[in-house]
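>>> Below: sequence and its predicted model.
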Amino acid sequence: MTTRREFLVGAGAGLLALSTEKLALGQPGPADGPVVVSTWNHGLPANLEAWKILDGGGRAVDAVEAGVRVTEADPTVSSVGYGGNPDRDGRVTLDACIMDETGNAGSVAFLQNILHPVSVARKVMDETPHVMLAGEGALRFAREMGFPEQDLLTPDTRLAWEKWRQSGEYKPWSAASDPSHDTISMLAIDAQGNLSGSCTTSGLAYKMHGRVGDSPIIGASLFVDNEVGAACATGVGEEVMKTVGSFLIVELMRQGLSPAEACREGVERIVRKNPGWRDVQVGYLALSRSGEVGSFAIQPWFQYAVMDAQGNRLVDVKARTAE
């Protein structure tokens, strides 16, 4: 059962009169101290790992890297890292990015055979003058940084791919189907008041070989501005890229919108531009510098996990199609 507190941390503007009033007034969020939020129910164990760093006074950027590594290594999550669904050629290709409180960022795209792409992205940020490495270049860099290679297909994902090949039917955007592309994106604010974020995924199941979504693209899947807040995305990356969703949401927060209001407007941009928006899922999640959390999605089955001093819990998000 959703609690009053869960509404207050950002189930969406208008869900509860008290929540709407609080967001409109721009008051700080209900949690004092660090906050970590992440997409979907696999964000719950990821939050726990991130919290170990935040609760100990560590940096938000270290927390968001450590947190999503839990999901990357979880073979039961079929859309991230090890056990992620492959492309139509049977290859698991990974995208990830990370951004810290100074605006530094790193990302990798179309990376194969590396368990923790978010940590490779961190190395790109910390060890190179670049922001993004892709494909063979990203793999070569990962090897140079000491990352071991491994087969990321599990017996279950291999079996599912072989079954899919019998028909080859490809409907990655069906809103009626069980979601198959649940990226984990994570945002955190640490005890010093600094923000960071990360995002990692294996992308759409059975996508064309070479397809890259929004997850490694700074400004699309993730954007952090320490003066304002941070935002991240999950869902169909093509729609997020075409509206530069996370950057848009942070800029709307700069203009005075609450995180919930900004996420709603991010969704509305997609709705206005795509006549087929009812058959697409995109969910946005935002965290302000003051600690407010907000979210909004196209479809009603988006959830996010939030953890602060009061504990770790899952929040159902208000959706455009439910209105």
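Thanks, I have it. Numbers count the residues shown, from 1 in each chain.
>>> pLDDT score for the residue lying closest to residue 148 once chain neighbours are set aside?
In space, and not counting its chain neighbours, residue 148 is closest to residue 115: 7.6 Å by Cβ to Cβ, 6 or more residues apart in numbering. All C-beta atoms are positioned from the backbone trio N, CA, C, and that covers glycine. You'll see residue 115 listed with a pLDDT of 98.
>>> how near is residue 115 to residue 143?
In this view, residue 115 and residue 143 are 13 Å apart by Cβ to Cβ, to the nearest Å.
>>> Same question for residue 61.
24 Å.
>>> More neighbours: which of the two?
Remark: of residue 61 and residue 143, residue 61 carries more neighbours, 26 against 14, as counted by other Cβ atoms under 10 Å.
>>> SS state for the more buried one?
Following DSSP: H, G, I helix; E, B strand; the rest coil, residue 61 is assigned to helix.
>>> Show me what the nearest residue to residue 195 once chain neighbours are set aside bridges to in the sheet.
Take residue 195 and drop its neighbours on the chain: the residue closest to it by Cβ to Cβ, 6+ apart is residue 230, 4.7 Å away. For residue 230, the beta-bridge partners are residue 224, residue 287 (DSSP bridges).
>>> what residues are up against residue 230?
Counting by Cβ atoms under 8 Å, 6 or more residues apart in numbering, residue 230 touches 99, 187, 195, 196, 197, 222, 223, 224, 246, 250, 286, 287.
>>> In terms of distance to residue 152, which of those ranks first?
Nearest to residue 152 among the contacts of residue 230: residue 222, at 22.1 Å, using Cβ to Cβ.
>>> which residues of this protein score low on pLDDT?
For the chain, the stretches flagged by pLDDT under 70 are 1-31, 171-181.
>>> what about 90?
For the chain, the stretches flagged by pLDDT under 90 are 1-33, 167-182, 279-280, 300-301, 322-323.
>>> Could you pull out the helices in the stretch 101-250 of the chain for me?
Taking DSSP state H, counting those that start in this stretch, the helices of the stretch 101-250 of the chain run over residues 117-127, 135-144, 155-165, 237-243, 245-254.
>>> what's next to the third one, contact-wise?
Residues from elsewhere that reach helix 155-165 (Cβ under 8 Å, 6+ apart): 75, 78, 83, 84, 85, 86, 88, 90, 92, 153, 205, 206.
>>> Which element, helix or strand, includes residue 294?
Following DSSP states H and E, one finds residue 294 within strand 293-297.
>>> Do I have it right that residue 277 meets residue 270?
Yes - taking Cβ atoms under 8 Å as the definition, residue 277 is a contact partner of residue 270 at 5.7 Å.
>>> residues shared between the contacts of those two?
In contact with both residue 277 and residue 270: 239, 298, using Cβ under 8 Å, 6+ apart.
>>> ok, back up a step: how far off centre is the strand holding residue 294?
Distance, stretch centre to chain centre, for strand 293-297: 12 Å (Cα atoms, centre = their mean, to the nearest Å).
>>> what's across from the residue nearest to the spatial centre of the chain in the sheet?
Centroid-nearest residue in the chain, with Cα atoms, centre = their mean: residue 185, separated by 1.8 Å. For residue 185, the beta-bridge partners are residue 199 (DSSP bridges).
>>> how near is it to residue 192?
Between residue 185 and residue 192 the computed distance is 22 Å (Cβ to Cβ).
>>> Name the residues of stretch 91-101 that come out as buried.
Of all the residues in stretch 91-101, those buried under the rule 16 or more other Cβ atoms under 10 Å are 92, 93, 94, 95, 96, 97, 98, 99, 100, 101.
>>> need the contact list for the first one.
With contact taken as Cβ under 8 Å, 6+ apart, residue 92 is in contact with 84, 85, 86, 112, 152, 153, 157, 202.
>>> Skipping its backbone neighbours, what lies nearest it in space?
In this structure, residue 92 finds its nearest non-sequential neighbour in residue 152, 4.0 Å apart by Cβ to Cβ, 6+ apart.
>>> ditto for residue 134
What sits nearest to residue 134 in space, not counting adjacent residues and going by Cβ to Cβ, 6+ apart, is residue 109, at 4.2 Å.
>>> Could you double-check that that neighbour lies in contact with residue 220?
No - assessed by Cβ under 8 Å, residue 109 is found out of contact with residue 220, at 11.6 Å.
>>> all strands for the stretch 201-323 of the chain, in order.
Here the stretch 201-323 of the chain has its strands, by DSSP state E, counting those that start in this stretch, at 222-225, 229-235, 282-288, 293-297, 303-308, 311-316.
>>> for the fifth one, packing partners?
For strand 303-308, the contact count by 3 or more Cβ pairs under 8 Å, 6 or more residues apart in numbering; DSSP states H and E identifies strand 35-39, helix 43-55, strand 293-297, strand 311-316 as packing neighbours.
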